[in-house]
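Undergrad: Below is the sequence, then the predicted model.
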Amino acid sequence: MANQKNLKQGLYNPKNEHDSCGVGFITNIHGRKSHRIVQQGLEILTNLTHRGATGYDPKLGDGAGLLIQMPDSFFREEIKNLKTELPEAGHYGVGMIFLPQSKSAREKCEAIISRMIAEEGQVEIGWREVPVNNKNIAAAARDVEPVIKQIIISRNKNCASQDDFERKLFVIRRRIEIEVNKLNIDDPAKFYITSMSSRTIVYKGMLLACEVGIYFEDLLNELMQSALALVHQRFSTNTFPSWELAHPYRMVAHNGEINTVQGNVNWMNARREKMYSLLLGRDLEKLWPLIENGQSDTACFDNCLELLVAGGYSLSHAMMMLIPEPWAGNSLMSEERKAFYEYHAALMEPWDGPAAVAFTDGKMIGATLDRNGLRPARYLLTDDGDLMMASEMGVLKFPEDKIIKKWRLEPGKMLLIDLEEGKLIEDDEIKELLSSEKPYQDWIKKSRYFLGDLKVIDVKFKHKESLLDLQQSFGYSQEDLSFILSPMIETGQENSGSMGNDSALPVLSNRPKILYNYFKQLFAQVTNPPIDPIRESIVMSLVTFIGPKPNLLGIDDKEPPFRLEASQPVLSIDELEQLKKIDSLTENKFKSKVIDITFVTDSDEDSAVVMRNALEDICKKADQAINDGFNIIILSDRATSSARLAIPALLACSSTHQFLVKSGNRTNAGLVIDTGSAREVHHFALLAGYGAEAICPWLTYETIKTLTDDFIMAQENYIKAIGKGLFKVMSKMGISTYQSYCGAQVFEAIGLNENFIEKYFTGTVSNVDGIGMDQVVMEAVRIHQLAYGNDPVLSNALDAGGEYAFRIRGEEHMWTPESIAKLQHSTKKNNYETYKEYAELINNQAHRHMTLRGLFAFKIKESIPLDEVESAKEIVKRFTTGAMSLGSISTEAHSTLAIAMNRIGGKSNTGEGGEDIRRSFPILKDTTISDHLDSDIIMRNINLKAGDSLRSRIKQVASGRFGVTAEYLASADQIQIKMAQGAKPGEGGQLPGHKVSDYIAKLRFSVPGVGLISPPPHHDIYSIEDLAQLIHDLKNANPKASISVKLVAETGVGTVAAGVTKAKADHIVIAGHDGGTGASPLTSIKHAGGPWEIGLAETQQTLILNQLRSRVILQVDGQLKTGRDVVVGAMLGADEFGFATAPLVVEGCIMMRKCHLNTCPVGIATQDPELRKRFSGQPEHVVNFFFFVAEEAREIMASLGIRKFNDLIGRSDLLDKQKGIEHWKINGLDFSKIFYQPKIENDTAKYNTESQDHGLQNALDNELIKNTISAIKDKSNITLDISITNVNRTVGTMLSHEVAKRYGNTGLPEDSIKINLNGTAGQSFGAFLAKGITFNLSGEGNDYVGKGLCGGKIIIQPPKKFRGLAEENIIVGNTTMYGATSGETYFNGIGGERFCVRNSGASAVIEGVGNHGCEYMTGGTVVILGKTGQNFAAGMSGGVAYVYNPNKTFKNYCNLSMVTLDKVEKENIESDIPQHLNLADEIILKTLIENHCQYTKSNIAKKILNQWDVELENFVKVMPIEYKRALNEMKETKKKEVA
Amino acid sequence: MGKVTGFLDFARQNERNLPTEERVKNYKEFILHLTDEEAKVQGARCMDCGIPFCNNGCPVNNIIPDWNDLVFKQDWEAAIDVLHSTNNFPEFTGRICPAPCEAACTLNINSDPVGIKSIEHAIIDKAWENNWVLPQISKIKTKKKIAVVGSGPAGLAAAQQLARVGHDIEVYEKNDRVGGLLRYGIPDFKMEKIHIDRRVNQMEVEGVKFKTNQNVGETVDPEKLVEDYDAVILTGGAEWPRDLPVPGRELEGVHFAMDFLPFQNKIIAGDKVSDQIKATGKHVVVIGGGDTGSDCVGTSNRHGASSITQFELMPQPPEQENKSMIWPYWPLKMRTSSSHEEGCDRDWSIATKSFVGEGGKVKELIGVKVEWRDGKMQEIPNTEFKIKADLVLLAMGFMGPQQTMLDKFLIEKDKRGNAKASTEGDKAYFTSRGKVFAAGDMRRGQSLVVWAIREGRQCARAVDEFLMGSSVLPR
C-alpha cells in the first residue's frame, strides 16, 4: 500500500519531514466578493509552480490549495440539490472533509461527525459530495485520494454570536478528530478535516499547483465568490502522497519552518493544567490533545493559533505573541511596544524560525514575517483596493497604471487587512493599537523582578572535599582546564581546534564518559537557515524567565502574575544564592526549594536501582514542592562527596522537567540547575534544551579560581564565552531566543537505548540504541570511584583526557603515531604490505572500538578470484578529496592533491576560495608547478608531467562565495554547494587576516591582511525551494557541470536529501560529523552532527522509499581511511567517496591540530612562506594511497563474491554486527536500523542510474544565446528587446556562461550585448552576469538580482506607467548582488533585506534598502540614496558604502562594530587618508550618481546632482576599520618602496 | 603549549659538556644540565602536537608536551609530578637514555628535535635539589609478600610501584650493592652512583627491603622463594655476554667489557680491589661499536691508555638517515658518543680473525675488512691487517639472561633463551610457572634502561592485578 511507506521504518522517520514553498494571497480590501478573486488565487498558484516540487512522477506534486471566504451564494444554490434550506449567511458552517475510501469506514466517520455535532448542540443540515476531476492527477496521489465531502452545520441558539459558533465548530472539529483517531481506520486515504467554519473554506489536496482549479470543479463556478483567496504551493522533502499536508491550514499558510516546534509543543502540553478560559469554559478540556503527534510544524502552529483566537485574542494579537519582533535590546522600538512584547514573552515563547505566514479568519487577512526576514513576501496595492501578496512578484499581472504601491513585508513586521472595515492597517498602526490596549508598561513595572537588580548576597563557597576530588568526581580531565576553561577565561570565547574528531564515540569508549557526551547537537541545513549570532546579534536574546508561567488564555486577567527575569541563564554562585533566598528578596512573591540530586553509594543495593529510585524521588519532591507553593525548583548536586554520588545533572534536569510537564506543574515553577558537572558550552545547551531556565556551574567557578589571579574578570569572561557559545549552538539550529531553545530538545542521542530515552528524554531520536540506566549508573559510579579511589596517577592530577590531543593514557584515536607512520611510509615507498599494516590498525577495532563501522562485520559469501573484480583503475575514479580551500591549506598542498586526483581520474575540490585560472590551463610538456604558475607563489616546487592538470574538478560554492565567478564556475566538472561541513555544521567560518596573503586576496577579490568571514547560512538558501533555485542558477552557469550538495549527517538528513534530490541536485554528499580539516570551535568538532554510517543509511533508505535514489550520485565522507571504509560506505549506499584527512597525512600532515594557528610545521595548513618550504608531499604518494585503498576494497569484494562496484552499493544486507566483542557499553548497540533494507515494490535502483532533468530547455537564455551568439563570437555589439515574467528565472546566466567559457572574467567590452527587458523578472535575474552584457529592465526584480555578478551591468527602473514614486516603492527583492565580484547595478527604487551581502567588488546605486545592507561586504562600492534598515554594514570588512543621510538618523541603523562613519572626502583636497579605488570619494560618488541618473532617470539622483555641493554634505561614508588599516599599510609600504 | 612559534624562533641547544681534557681527569659526570632560563627556551620549542609522537616514542610514555609546557611556564614542581607519573627514575633516563623520544619528535622531521632529554635532566635535578622527591608511603598494607630477583632498573621500578600500593617487597641482589647494570655497568662519568643510592633510600622508606649478596639459584633456593612469597618477579637482566671464539681468545688481556667496567665503579665507590684490569699505558682495542664499547673507551681514556681503537663488524651507518622513510622510528645513523670525543680511533666493517700473544699475553689483533651483501658478510681479500693490542675488550652485546637461574626456576624460555612471557593480555608478564613473573632484559633480552623501567612498571601492575583482582597502577 502506497501510504504505508510513510510509516516509520529503518532510519526513516516521517517526523523529520520538512516543507516549504510559495505562498500568496489576493484580496480586495473593501471586502468586495467576486469570483475573479478566486480565479486570481488559482492563477497565483499556477505562477508559483516553480516553488513547488514534484516527485519521481512529474505529475505528483507536493500539494497545493486555497482558502476562501464562505461562498454563501454558491452553497445557497447547491443546497437546493439537498432539498433543504440554508440559514442566513453566518448562521451555518461548512466542514470540508477527507473521508476514507472504504464505505464502511466512511460511514463510521460520518456517524461520529453527526454525533459530535449533536452532542455540541448544533444542527446537521446535510452532506454534500464535492465533485472532483481526478483524471489528471498522478497515480500515487489517486491511490490515496480521499472521498471529499462537505458537511453543512447550522448554528443553534446556544451560540450567541458568530464568534461563539466558530468556537463551537472548533470544538466539534477537535472532538471529531479525536474520536476518529480512536477508530484506527486502515484505509489508503486518511481522514482529515481541511476546514470547518462559518467564515472560511479550504480546498486543497495532493495536487500540482496548476491542477487545483481543475480538480475541484466547484472553484470554476461563478458563484464561488470571495473577497480573499489565500493560496499555497508546497515543496516537501518527501514524495509520499499525503493529501492532508497541503496548505492552507484552517487559519494559516506558511512558507518557512518552525525550528522550535518540539519545544513549543512540549510547552503547550505543559500549560494544559494551568490553562483556563472564560470564553471556552469547559469546552477547553475537550480540545486536548490540542496538538496531535506527528503533525507538520505548520499544523502545530495552526492549532496553537486557533486556540489563541478561540480563547479571545484577536488574530493580530495572537500572531504577535507567536512570532514576536526582536524587542530585547532594540533601541528603535517604543517603550510601549517593548512592554507589550515583554509582557507576552512570559506567556508564550516565540515559535521561532524562518517564516512568512499568511493568516486569515475570514474577516481579516494578513501576513507576518519572522524577526530576521528570512523569507520573501512582497505585495502590491491597486487603486481598486486589490491587494496581492506573494513570495514573489509577477505571479499575477495588474496593469501598471493601476498599481499605487509596491512594497514588501519587513522582518518582524505585519500587514493586516480588515475586510469588514475595508482598510489596510500597517504594522505600526496595528502594533501601537495593541500595545496601548492595556497598561503593559505599568504591569511590567509592577510584576517584574530583575535578577540583576536584586540585592547581592555574598557567599563564601566551602566544600568538605578537595577541589581535585570534586573535579574528578564530575569527570574533569586536564583538557577541561587547558582546552576548555583557560581559553574561555582569558579571551571570553571558546577555543578552536582543527582536523576533526577521530576519537572514539562515547558509547564505544573504554573509558567512562559523562552523560552529556552521548548527545549531539542538531543543526539547520537546507530546509531552514542557521543564523549568524555575531553579525546578526540584533535578533538574538538570552533573556530567561525563571519561575511560573502565567495562564496563556488569561486574557482578561487584571493583575499580571509576577515574573523573575534574568538577562542570561548562567548564574554566578552569588546569583544562585539570591535564588535560594528569593522569598526575602521579593517579598515572598517567589519561593524556592533546593532539591538535592545526590545519593548515597555505599549501600549493598544495586546502584542502578538506587539511582532510579533517587530520580523518582527527586521528581516527586519537586512536584510536591510546587503543590506546597514553591515556584522555583533548584536541583543541586553540591552535596556530592566521597559517600554521595551526584546523579548526572542532565538526567535529573530532563526527568524532572518531563515529570512536571506530565503532572501539569511545570508551568507553575521555574527549573534551575546547580551543578558541578557543567563546564562546556555543550553542557549548558543540553541542560537548556531539556528544560533548565538557569544554570549555576558551581564547580567551574571553583576551578577557575585556580587558573587566574583576577577571578571577577575570569568569571565575567567565562559567562560571556558560554553565552556566545549558546548563541552559536542555538543559531546553528536557526533559533534566536533562549526562551524558545529552552525545552526544545534539538539533540539526537547516539548510544543510548530506547527505554532510557523514552523514559528520561522522551521525544529524542536515538537510532542505534546502546546503553541504558544500568550502564549510565555504572559510568557515574566508575567516575566517582576514580575520584575517591587510590589510583596513584589521579592522586595529584586530573585524568589526561586525550580527547583533543592524543595521549597514551587518554582516549583512543584512529590517528595514532603508528597509523600515521605506517601510512606515510607505505605511500612513500609504494609498499602495499606496509599499507595493509596501516589498514589493519584502523580497521581492526576488536579491542579499540572507535567507530560504528568498526563494529560491523561482513557476511562473507562465496569468494571469487581477485582478478574477476572490477579493476582498481576504475574504482579510484569514485574517489575525491575533501573541500579544503587554498587559504586553509597552502598552494603546494592544494595543488598536490589536484595533480594526484587528476592523474587517477578522481576529483579534487577547490574548497571555498576561488582558483587561479592558470590552474585550468592544460600542461603539455614536462615542467614544474612554479614554471606553470609563478615562482613567486610557490615555496616548494613540484614536478609536472605532460598531461597533468592542476585544475580542481570540483568547484565549491560556499556561503562566502569567495572567488565564485562565471569563469570559476565554467571551469568546473562539478559544482558543489556546501550546505554544511562536518567539523562545524550550521556555522560559518573565518579566514584570519594573517592567512590572507596577496595571492589569496587576489583569488578571493579581497584585501590582503583583512580577515574574511563566511556567513553561517547561504543568504540565498533559507529553505528547500531556495536551494532548488541556487541549483538552477549554477546549472545555468555551467550546464555541463553536475551540481552537488554537501550535507552533514544528523537525524533527518535522509529526508533533507530527498528534498535536495527533488530540488534537482545531481550529486549529494553525506559528511560525517567527525571529518573536517578546518578550524572550528571545539564544541562543534565534538558535539554537532552524527556519524555518517547513520546519515548515509538514512539517506539511502529514504531515497529508495521515495523512488529517487537512481537520480543522484551519493558520496560519503568523514574520516574515511581504508578500503574497508569504502566497502562499508558502498554497502550503506554511497557511489563515491571523499577523503580529506588521510590524503593530507599522505602529504605529510602529522595531525598537529594547529591549522588555525598558521604554524603547521610541515607546510600544509599554513601560508607562512618559511613553513611552506618544509612541505614534502608528492602527487605520487597520494596516487599510491588511493590505489592501495581501491586494492584493499577489491580484496574485500572478492571475498564477498562481488565483481562490479555498482553491485556493492546499497547491499547493507551483507553487513552484520561483529560477533564476539563483549563490552559493557557496546553490547546494547543495535544496528538493525542502519542495515535495514526498505521493501520496495519493483526493481528500484540502489545506485545512480539516470540524470536529472533541469529543464534548461525552457530557459529564456536559449533565445538570448541564439540571438547573440555570433556577436559573442566576434565581439561585436548587439541590442535586443524582450519581455520577461517571474517564471523566467536566472535570466542571463547561461548567456554569461557562453561569454565566460570563451573570455573568462575578462568578458566582452562594456555594453557589447545590450538587452532591454520589460516585465517582472523571476528570481536570480542577471546571476553571474558577465562583463560586456547590460540588462536594462523596465519593471521590477525579485530576489537575488545580480547574484554573483561578475562584470555585467544591471539597470532596473519602474515601468513608465507605474503611478507610484520610484523612491518610495520596492524595485528588487532580497539578497541582491550576493557574492558579486565586479560589475555595476542601478536600481531606481528600494531593495529588500541584505542588499549587496558579501559583495566583493561590484558597485551599486539604490534608493533605499532593508535590514542587514552590505553585510559581510569585502569590496566594491555601494551608494544608497535613501533609508537603510537596521544592522547596516554588519561584518563588513572591505569596500565602501555612501549613504544619503539628510536626517542624520543613519547611525542608529548602522552596526558600528566593524566600520566607522566618516565624511565623504572631497575632490581636489589634499589629504592623507588612503583612498578607496585610489580616487577621492567625491569622484566615485558623483560618477555613480550621474550614471544612475543617466540610466534610470531617477528623480532623487537628479535632485541631488542639482544641488551637489549642499547634498554632498548629506552623505556619510561607511568605511570598514580593517579596510582602512590595510589601505594605510599598503600606502606605507608604497612610500617605503618609493623612498 | 609553550610558545606558539617557539619552534621557529629558537634553536635547539644541547647540554654543555666539560672540555674533554678536563673531564678525562676524573670519573665525575661532565654534562651540565640546562639553566632554568635555557630550559624555558627549550620548552618553548615544543609544539604541543595534536599527536605527540614523542609520547609514543618514549618506552615509558612520558607525557613530554605537558612537562615541556610546565618548564616553559617555570612550574617545575608540577613538571616533576607529571614526569614521575610515568617514570620512576628520570635521573637515570635523563642521563643515559638514548632518547628515542627525540627521534620521534615531530620537529625532527625537518628540523632539530626538542631537547627532551635535557629538559628531563633539568627537571629531575631541580626536584632533588629542592627536596621535592619524597617517599610515597602507602596508606594501606595488603600483607602480600613479593620477591623481586635482581635490582636493576626493571626490578627497582617494579619494587617501587608495588611498595607504593601497599605490598611487602623484598629485593634480592646477587652483588654487594643494589642497582644491577646501573651500578656496575654504567661508568660513573655517565651516571654517578649517588642517584641510585638516593632512590634506594627513598624506596627503603617506602618499605622495600633490599637483600644484597643473595644469589638466587646459587645461594638462595628458588623453590623457597616460590613457597614463601605471594609472587616472585624475575628481573635478573641479560648478562650473558657474546663471545668471540677466534684463535687467541684465551690469551691474557682479552676480556669481556663486563669484566672490565665494574672494577672501576667499585673503586670509585671506595672498595678495595686487588686485581683490577687497567688500561693504563696500554694499546686498547674495543670490539663492538655500541654503548658498552663506548663506555670501555671512556674508561680506558681515564685510565690513561696509550691508544684506543674501536672496531665494529657492521658497516658505518650514514651520517644522516632518510627521515621521510624512518621517522618517527629510531634511526640507524652515525653516532659519536662523548667517550669518542675524548679520543679513540674507530673503524667499521672489521672482523677479528685472531689474537696473537706473547707469553700468554695478547699483543696483536689480526683483523680483516668485510663487506655485507644481502645480509651476508664476506671478507674482502687482501685486506688483512695487524694492530697492536695489549688489552682487548669484548663489547659485542649480550646473548640473553644467565640461564642457570631460569632453569632452576623451571620456567619456559623463548627461542633466544629469555624468560618466556608476553606483555599484553590477561597473562602479561606471567612466566610458565604460577606466580612467577619476569620483566626487563631477563624477559626481552638486552635493551635500554628505559625499557627496563617500562617493563618493571607494567609487570608491577600485572602482579598487583594478580594478587588483588584489580589494580590502580598505570600500565
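TA: It's in. Residues are numbered from 1 along each chain as shown, chains lettered A, B, ... in the order given.

Undergrad: Now name the helix or strand holding A:Trp407.
TA: Applying DSSP states H and E as the criterion places A:Trp407 in strand A:403-408.

Undergrad: Buried ones in that strand, by neighbour count?
TA: For strand A:403-408, the neighbour count (16 or more other Cβ atoms under 10 Å in any protein chain shown) marks A:403, A:405-408 as buried. (C-beta placed from N, C-alpha, C; glycine too.)

Undergrad: List the neighbouring strands of that strand plus their orientation.
TA: As defined by DSSP bridges, the strand partners of strand A:403-408 come to strand A:378-382 (antiparallel).

Undergrad: returning to what we had before: now the helix or strand following the strand holding A:Trp407 and strand A:378-382, what's the angle there?
TA: Past strand A:403-408, further along toward the C-terminus, the next helix or strand under DSSP H and E is strand A:414-418. Strand A:414-418 runs at 30 degrees relative to strand A:378-382, counting by axes from the mean of the first three to the mean of the last three Cα atoms, to 10 degrees.

Undergrad: So which bits of the helix or strand immediately after strand A:414-418 in the chain are buried?
TA: Next in sequence after strand A:414-418, counting helices and strands by DSSP H and E, comes strand A:423-425. The neighbour-count check on strand A:423-425 (16+ other Cβ under 10 Å) flags A:424-425 as buried.

Undergrad: Contacts for strand A:423-425 next, please.
TA: A:29, A:381, A:387, A:415-418 (Cβ atoms under 8 Å, 6 or more residues apart in numbering or on different chains).

Undergrad: what lines up beside that strand in the sheet?
TA: Strand A:423-425 pairs in its sheet with strand A:414-418 (antiparallel), by DSSP bridges.

Undergrad: Identify all contacting residues around the strand it pairs with.
TA: Contacts for strand A:414-418 (Cβ under 8 Å, 6+ apart): A:27, A:29, A:315-316, A:319-320, A:363-369, A:379, A:387, A:389, A:409, A:423-427, A:430-431.

Undergrad: Please repeat the previous calculation with a cut-off of 7 Å.
TA: A:27, A:29, A:316, A:319, A:364-368, A:379, A:387, A:389, A:409, A:424-425, A:427, A:430 (Cβ atoms under 7 Å, 6 or more residues apart in numbering or on different chains).

Undergrad: Which elements pack onto the helix or strand hosting A:Met96?
TA: Element membership of A:Met96, judged by DSSP H and E, is strand A:92-99. In terms of contacts (3 or more Cβ pairs under 7 Å, 6 or more residues apart in numbering or on different chains; DSSP states H and E), strand A:92-99 is packed against strand A:147-154, helix A:162-183, strand A:192-197, strand A:200-205.

Undergrad: What's the mean pLDDT across that strand?
TA: Averaged across strand A:92-99, the pLDDT comes to 97.

Undergrad: tell me the angle of it relative to strand A:147-154?
TA: 160 degrees.

Undergrad: Buried residues in the helix or strand following strand A:92-99, which are they?
TA: Next along the chain after strand A:92-99, taking DSSP H and E as the criterion, comes helix A:103-119. Of all the residues in helix A:103-119, those buried under the rule 16+ other Cβ under 10 Å are A:105-106, A:108-110, A:112-113, A:116-117.

Undergrad: ok so, going back, and among the helices and strands packed on strand A:92-99, the most buried is which?
TA: strand A:200-205 (a mean of 27; mean count of other Cβ atoms under 10 Å in any protein chain shown).

Undergrad: Any regions of the stretch 1051-1200 of chain A where pLDDT drops low?
TA: A:1077 (pLDDT under 70).

Undergrad: Per-residue pLDDT of the residue lying closest to A:Ile632 once chain neighbours are set aside, please?
TA: Nearest non-adjacent residue to A:Ile632, counting by Cβ to Cβ, 6 or more residues apart in numbering or on different chains: A:Ser592, 3.8 Å away. Note on A:Ser592: pLDDT of 97.

Undergrad: thought A:Ser592 was touching A:Glu577?
TA: No. Taking contacts as Cβ atoms under 7 Å, A:Ser592 lies outside contact range of A:Glu577: 10.6 Å.

Undergrad: quick one: contacts for A:Cys1160?
TA: A:1152, A:1154, A:1166, A:1171.

Undergrad: what about 8 Å?
TA: A:1149, A:1152, A:1154, A:1166, A:1171.

Undergrad: The third one and B:Met47 touch, don't they?
TA: Right, the one you point to is A:Lys1154. Yes. A:Lys1154 is within contact range of B:Met47, at 7.0 Å (criterion: Cβ atoms under 8 Å).

Undergrad: Which positions in the least confident helix or strand in chain B by mean pLDDT come out as buried?
TA: Ranked by mean pLDDT, DSSP states H and E, the helix or strand of chain B with the weakest confidence is helix B:323-326, at a mean of 89. The neighbour-count check on helix B:323-326 (16+ other Cβ under 10 Å) flags B:324, B:326 as buried.

Undergrad: pretty sure A:Ile1269 is in contact with A:Glu1298, am I right?
TA: Yes. Between A:Ile1269 and A:Glu1298 there is a contact under Cβ under 8 Å: 6.7 Å.

Undergrad: hang on, the earlier thing: any idea which helix or strand comes after the least confident helix or strand of chain B?
TA: By DSSP H and E, the next helix or strand past helix B:323-326 is helix B:338-341.

Undergrad: Which elements pack onto that next one?
TA: Counting contacts by 3 or more Cβ pairs under 8 Å, 6 or more residues apart in numbering or on different chains; DSSP states H and E, helix B:338-341 is packed against helix B:291-303.

Undergrad: helices or strands up against the helix it packs on?
TA: Contacts defined by 3+ Cβ pairs under 8 Å, 6+ apart place helix B:291-303 against helix B:257-268, strand B:283-287, strand B:307-311, helix B:338-341, strand B:391-394.
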